[in-house]
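[1] here's a sequence, model it:
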Amino acid sequence: MTAYNAFYAQSGGVSAVINASACGVIETCRRHDDRIGRVYAGRNGIIGALTEDLIDTTPESDEAIAALRHTPGGAFGSCRYKLKDIESHRRQYERLIEVFKAHDIRYFFYNGGGDSADTCLKVSQLAEHMNYPIQAIHVAKTVDNDLPVTDNSPGFGSVAKYIATSVRETALDVASMCSTSTKVFILEAMGRHAGWIAAAGALASEDNDGPPHIILLPEVPFDRKRLMARIDETVKRCGYCVIVVSEGTRYEDGTFLSDAGNTDAFGHRQLGGVAPTLAGMVKQDLGLKYHWAVADYLQRAARHIASRVDVEQAYAVGQRAVECALEGQNAVMPAIRRDSESPYRWSLFDAPLSEIANQEKFMPREFIREDGFGINELGRRYLRPLIQGEDFPPFENGLPKMAQLALRPVERRLPEFEL
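    Model prediction:
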């Protein structure tokens with residue numbers, strides 16, 4: 001049996017565990033070296049395939065690949081680049097086929113979110129449209145937890161753990177000084193359309209009485225008057241108020257509080273700055289002293305506090321992706337099934353990309369409190385298992401030790417290609 005080569009790439013915003021999925025893919029390919037030859041990684045995602053900028057992972061030691069499991073960021077570079085439709089942008093797809101042919105690539109593993117699933121689905125259609133056999137398997141990743149079909153998305157559990165931990169620690173700081181200093185603290189969390197990350201802040205307290213006192217979700221229309229009344233009441237009752245706000249919080253008409261007026265390469269509105277916007281309202285309406293913080297990249301890069309469940313799931317979907325390809329599957333994504341909640345047990349199943357690409361999963365209304373300012377016990381039961389366990393990286397000289405890869409380029413065989 002001929003051992004064809006594989007192509008792996010990372011896409012979109014990275015996470016604390018996306019490299020654990022890379023580890024799962026590469027280690028599993030190495031265990032099947034009788035059927036899969038070299039594993040090439042795309043430098044900066046699918047762009048690496050289009051520009052023939054490939055990295056040969058074969059020379060990397062087993063120890064270096066294993067170290068990916070505890071290394072955050074995107075080891076091979078990621079991108080926000082969405083392939084257009086095949087009919088009107090045929091040249092892009094012809095180029096992919098040329099690169100795949102030139103390097104004897106028959107397996108395509110794309111590690112990303114909903115838009116990446118769309119790219120993977122389109123690549124899977126190349127066999128039919130251009131008569132070249134490619135097996136395209138999507139490897140789930142998104143901190144936003146908004147991929148449909150799968151119970152949860154690798155990358156989310158670690159962000160949720162970071163946010164809940166940060167809220168618990170910061171709330172103690174604010175409570176210590178509230179009699180003479182800060183009355184309102186606002187933490188901005190990621191989440192464009194879905195409030196999963198912000199909702200995870202609720203786990204900082206064991207019930208709805210402790211901080212965070214208020215969580216603002218994209219799924220609940222923003223009402224300034226109601227919010228200010230709740231903040232005022234909370235400060236008078238508790239002495240301070242801790243708020244977690246999703247970057248995607250929006251008004252009734254759908255306008256984002258923090259719309260920067262720009263779009264990214266996927267066509268999404270660029271967000272950020274909802275915390276200072278909200279702080280300005282607090283100052284104007286209530287005259288209370290405040291502080292705000294934006295977790296931003298810190299929340300998705302915090303491998304030192306990653307959820308063990310998240311790390312294990314990230315590795316498992318990478319491993320299963322290779323198994324799917326070896327079984328002859330195409331256009332699927334290994335998804336997570338929740339088999340039991342107490343004790344928490346999970347397994348994987350193979351979901352068709354046609355049900356995942358360009359779809360979003362939002363926080364269900366049954367998880368949200370009646371007042372709209374947080375989540376209920378049902379939501380807590382969903383979130384709790386995902387932040388369980390620790391998987392600390394090795395430390396050296398007091399700091400986390402990360403993977404060191406050679407990232408050796410593959411010799412180009414084709415003319416240059418302009419994106």
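[2] from the chain's centroid, how far away is the lowest-mean-pLDDT helix or strand in the chain?
    Using mean pLDDT, DSSP states H and E, the weakest-scoring helix or strand in the chain turns out to be helix 126-130, at a mean of 83. Distance of helix 126-130 from the chain centroid (C-alpha atoms, centre = their mean, to the nearest Å) equals 30 Å.
[3] any low-confidence regions in the stretch 151-300 of the chain?
    Residues of the stretch 151-300 of the chain meeting the criterion pLDDT under 70: 259-272.
[4] all helices for it, in order.
    156-177, 196-200, 224-238, 274-286, 296-301 (DSSP state H, counting those that start in this stretch).
[5] contacting residues around the least confident helix or strand of the chain?
    86, 93-94, 96-97, 132-134, 136, 330 (C-beta atoms under 8 Å, 6 or more residues apart in numbering). Yep, even glycine has a C-beta here, placed from its N, CA and C like the rest.
[6] which ones among those lie within strands?
    Ala136 (DSSP state E).
[7] which one among the contacts of helix 126-130 gets closest to Ile47?
    Ranked by distance to Ile47 (C-beta to C-beta), these are led by Leu96 at 11.3 Å.
[8] just to revisit the earlier point, make JSON lines from the helices of the stretch 151-300 of the chain and add distance to Tyr4 to it.
    Listed next are the helices of the stretch 151-300 of the chain as JSON lines, based on distance: least, C-beta to C-beta, whole Å:
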{"stretch": "helix 156-177", "distance to Tyr4": "33"}
{"stretch": "helix 196-200", "distance to Tyr4": "38"}
{"stretch": "helix 224-238", "distance to Tyr4": "57"}
{"stretch": "helix 274-286", "distance to Tyr4": "47"}
{"stretch": "helix 296-301", "distance to Tyr4": "34"}
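[9] go through these and pick out the most buried.
    Highest mean neighbour count of these: helix 196-200, a mean of 30 (counted as mean count of other C-beta atoms under 10 Å).
[10] contact partners of that one?
    The contact list for helix 196-200, computed with C-beta under 8 Å, 6+ apart, reads 143-146, 156, 159-161, 163-164, 189-191, 215-217, 244-246, 299, 363, 367, 374-375, 379, 383, 387.
[11] let's verify Ile336: helix, strand, or coil?
    Per DSSP: H, G, I helix; E, B strand; the rest coil, the secondary structure class of Ile336 is strand.
[12] how near is it to Asn358?
    20 Å (C-beta to C-beta, to the nearest Å).
[13] which of these two has more neighbours?
    Ile336 (23 against 12; other C-beta atoms under 10 Å).
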